[in-house]
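In: Here is my input; please provide its structure:
(one chain, ligands or ions: 2)
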Amino acid sequence: MADIIQLLPDHVANQIAAGEVVQRPASVVKELLENAIDAAAGKITLIIKEAGKTLIQVVDDGIGMSETDARLSFERHATSKIRTADDLFKLDTKGFRGEALASIAAIAHVELNTKQEGEDLGTKLKIEGSKVISQDVAATPKGTSLLVKNLFYNIPARRNFLKSNAVELRHIIDEFHRVVLAHPNIAFSMYHNDGELFNLPVSNLRQRIVNVFGSKVNELLVPVEEDTEIAKISGFVGKPKFAKRTRGEQFFFVNDRFVKSAYLHHAVASAFEGLLREKTHPSYFIFMELDPEKIDINIHPTKTEVKFEDEHSLYAILKSIVKHSLGQFNVAPVLDFDRDANLDTPYAYKDKGFVTPKVTVDADFNPFKAETRAKGFAKKNTASWESLYVGLESKMSDTDQASKSVSFESEEVTGTLFDDDELSLPSTYQLHRKYIVSTIKSGMVVINQERAHQRILYERYLESITLKDTVSQQLLFPLKLHYTSVEIHLLKDMYGELERTGFVIEFDQENAAITGIPINLAESEVSEVLSQILADFQGNVTKEGFNQVDVLAKSMAKSTSIRNGQPLGAEKQTQLVNDLFACKEPSLSPFNKPTFITMTVDELDQKFT
Ligand code: ADP
Ligand code: MG
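Out: Ligands and ions are numbered 1, 2, ... in the order given. The predicted structure follows:
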């Protein structure tokens, strides 16, 4: 039989390699920024259009390339950074595989402009899908500009696989953070769709962190510093009140390279034990310098994982250093006075004074009166449910199937779940300030008040966001809140939806001036609600896509709902029950947890056998 093995043509091999190196626009950003740093740049500019889908450009003022090197740099395994296999064990550059440019050029339209110091003219090179389109002598400043257009233009499957601009931009910003924090001695700026997102002058690490995350973080940074035999450790941890709901601001750098390590994260987190509010995560920016021969960076093509020779000692060292710093800077004792006491006191005890128990007897008690009241109650219930879904129907478009299913489901629920027998006494009772117990035809229903209210609010927010007929309450004085430029960007990005819940906001670089808020929101809750929304958005970005409207409605519902532990008067309880069973999906919270359980008389009987 004839031989069948062939060597793959270069452009095919490059495309295959590209699959490993370039997962998304953010991977290109990382590679180009790292090349600029390896080229000893003093200033690096990143320009992005449409979250990198149409354009990624990195401009540096580094050493540039000769004409020959410019051409060679796009060949696979072309690198100036290692010469022998031994070099691999003492890496002090970011790149070394010589794959990035070849891979990127295989799957995009690339334009390179580069000039070395002291030369009059530089080189301009255009490459599309690994093919050189043109090469010219060009007048260009010292350094290198690499422009990458139409990423994945020749691999539609990959292009379609890209997430929304919000998600892809978030990934780019994450990479940008990792690079700029590791190199405060280099000036960086970043533009997205012509707007400036970051402008970071050369500074020390503390100032760089502040420039990236906003001036409010300055007072929250606690330095860590220790020189040990295994590693030199430096950087900052955030005071416990800096702790966030998202895991965002957690950075380890090994020899100025961002790395991920669940194991070392655990070391830091455990040093914070007992100091953090529930569900918040500590922030840290920790730099470790180790002998390059004692680590192995080369275990993953995207190089964020690292193997340490002596991981256990490093764990112990980190934990004790962070603990020591938190203690030394008096963070632990200060905390007790500093934090909001509401967070510590269970809701149930919040407004509770010392009350002597009293027994009151209702001399006017008349069971038949109660019965008549009950009748009215039942009628009112149905009426309010009816009015609720009638309202919905008229508001929604007539073609909207959803409105039909609302009324249908609600009718069914009212018809079967609740007892319309006029002789019974439908009443509600709040149990442990958490559950609302009510009678139904077959027995009883126990409702979790917090989840039920989340469901109710969630459907209302969804409705108001999609129906566009919003009412907003004007604030007498605008509420000014401070955010990082990234947070401002995110808020602007979802402003259309925010506006439809009732928010009216004006933005500048680092501030949001809020002049209108949703009607059911108190001004004092606004800051909390918005930070919840931001946390949810950032948390959701890494998951499989997300629906902006849905995330927004969920976080609004979560942060504005009645909480477990909150006492509810009889009227509020009834309202809650009514509203819940008028929902499209009364049985589940927006987070897919059950909102109520039922227990039939039969089941109760069973328990008494
Ligand atoms: P690696 O960084 O692993 O060496 P790349 O494909 O990223 O591989 O780059 C190939 C070579 O091109 C580099 O080794 C370097 O010599 C050169 N190069 C790439 N980007 C730049 C730049 N911005 N300035 C100067 N030289 C560069
Ligand atoms: Mg490189």
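
In: Check what contacts the longest strand that the chain contains and list those residues.
Out: Assignment by DSSP state E gives strand 472-482 as the longest strand of the chain. Residues from elsewhere that reach strand 472-482 (C-beta atoms under 8 Å, 6 or more residues apart in numbering): 214-216, 502-504, 506, 510-519, 521, 523, 526-527, 530. Placement of C-beta: from N, CA and C, glycine included.

In: quick one: which of those residues sit in helices?
Out: Among the contacts of strand 472-482, the members found in helices (DSSP state H) are Val526, Ser527, Leu530.

In: Hmm, the last one is touching Leu491, no?
Out: Okay, so that is Leu530. Yes. In this structure, Leu530 is within contact of Leu491 by C-beta atoms under 8 Å, at 7.3 Å.

In: which one of the ones in helices among the contacts of strand 472-482 sits closest to ligand 2?
Out: Leu530 (38.9 Å; C-beta to the ion).

In: What residues of the longest strand of the chain count as buried?
Out: Ser472, Leu479, Leu481 (16 or more other C-beta atoms under 10 Å).

In: likewise stretch 149-165?
Out: Neighbour-count burial for stretch 149-165, counted by 16+ other C-beta under 10 Å, picks out Lys149, Leu151, Phe152, Asn154, Ile155, Arg158, Leu162, Lys163, Asn165.

In: got the phi/psi numbers for the first one?
Out: So the one you mean is Lys149. Backbone geometry at Lys149, expressed as degrees, to the nearest 10, gives phi -110, psi 150.

In: If you drop the residues flanking it in sequence, what lies closest to it?
Out: Beyond its immediate neighbours in the sequence, the residue positioned closest to Lys149 (C-beta to C-beta, 6 or more residues apart in numbering) is His109, lying 4.3 Å away.

In: Beta-bridge partners for that neighbour, please?
Out: Glu128, Lys149 (DSSP bridges).

In: quick one, what contacts it?
Out: His109 makes contact with Lys126, Ile127, Glu128, Val148, Lys149, Asn150, Tyr153, according to C-beta under 8 Å, 6+ apart.

In: hang on, the earlier thing: go through the buried residues of stretch 149-165 and name the one nearest ligand 2.
Out: Leu151 (16.7 Å).

In: Got phi/psi on that closest one?
Out: Dihedral angles (degrees, to the nearest 10) for Leu151: phi -60, psi 140.

In: Where does the residue nearest the centre of the chain fall, secondary structure wise?
Out: Taking C-alpha atoms, centre = their mean, the centroid of the chain lies closest to Gln538, which sits 1.2 Å from it. Using DSSP states H and E, Gln538 sits in helix 526-541.

In: helix or strand right after that helix?
Out: With DSSP H and E setting the assignment, the helix or strand that follows helix 526-541 is helix 548-560.

In: Quick one: name whatever helix or strand follows that following helix.
Out: Helix 548-560 is succeeded, C-terminally, by helix 570-581 (DSSP H and E).

In: Leu8 - how many residues pack around it?
Out: 10 (other C-beta atoms under 10 Å).

In: Show the contacting residues for it.
Out: Ile16.

In: Need phi/psi at it.
Out: Dihedral pair for Leu8: phi -70, psi 140, per degrees, to the nearest 10.

In: For stretch 587-599, which residues meet the burial criterion?
Out: Buried-residue list, stretch 587-599, by 16+ other C-beta under 10 Å: Ser589, Pro590, Thr595, Phe596, Met599.

In: Could you work out the most separated pair of those residues?
Out: Using C-beta to C-beta, the buried residues of stretch 587-599 reach their maximum pairwise distance at Pro590 and Met599, which is 24.6 Å.

In: distance of whichever residue of the chain sits closest to ligand 2 from Ile44?
Out: At 2.7 Å from ligand 2, Gly95 is the closest residue in the chain, using C-beta to the ion. Here the criterion is C-beta to C-beta, to the nearest Å. By it, Gly95 lies 15 Å from Ile44.

In: more crowded one of these two?
Out: Using other C-beta under 10 Å as the criterion, Gly95 and Ile44 rank with Ile44 on top: 26 against 20.

In: Turn the contacts of His109 into JSON lines, columns for pLDDT and distance to ligand 1.
Out: Listed next are the contacts of His109 as JSON lines, based on pLDDT from 0 to 100; distance: C-beta to the nearest ligand atom, whole Å:
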{"residue": "Lys126", "pLDDT": "97", "distance to ligand 1": "16"}
{"residue": "Ile127", "pLDDT": "96", "distance to ligand 1": "12"}
{"residue": "Glu128", "pLDDT": "94", "distance to ligand 1": "17"}
{"residue": "Val148", "pLDDT": "97", "distance to ligand 1": "12"}
{"residue": "Lys149", "pLDDT": "96", "distance to ligand 1": "17"}
{"residue": "Asn150", "pLDDT": "95", "distance to ligand 1": "19"}
{"residue": "Tyr153", "pLDDT": "92", "distance to ligand 1": "20"}
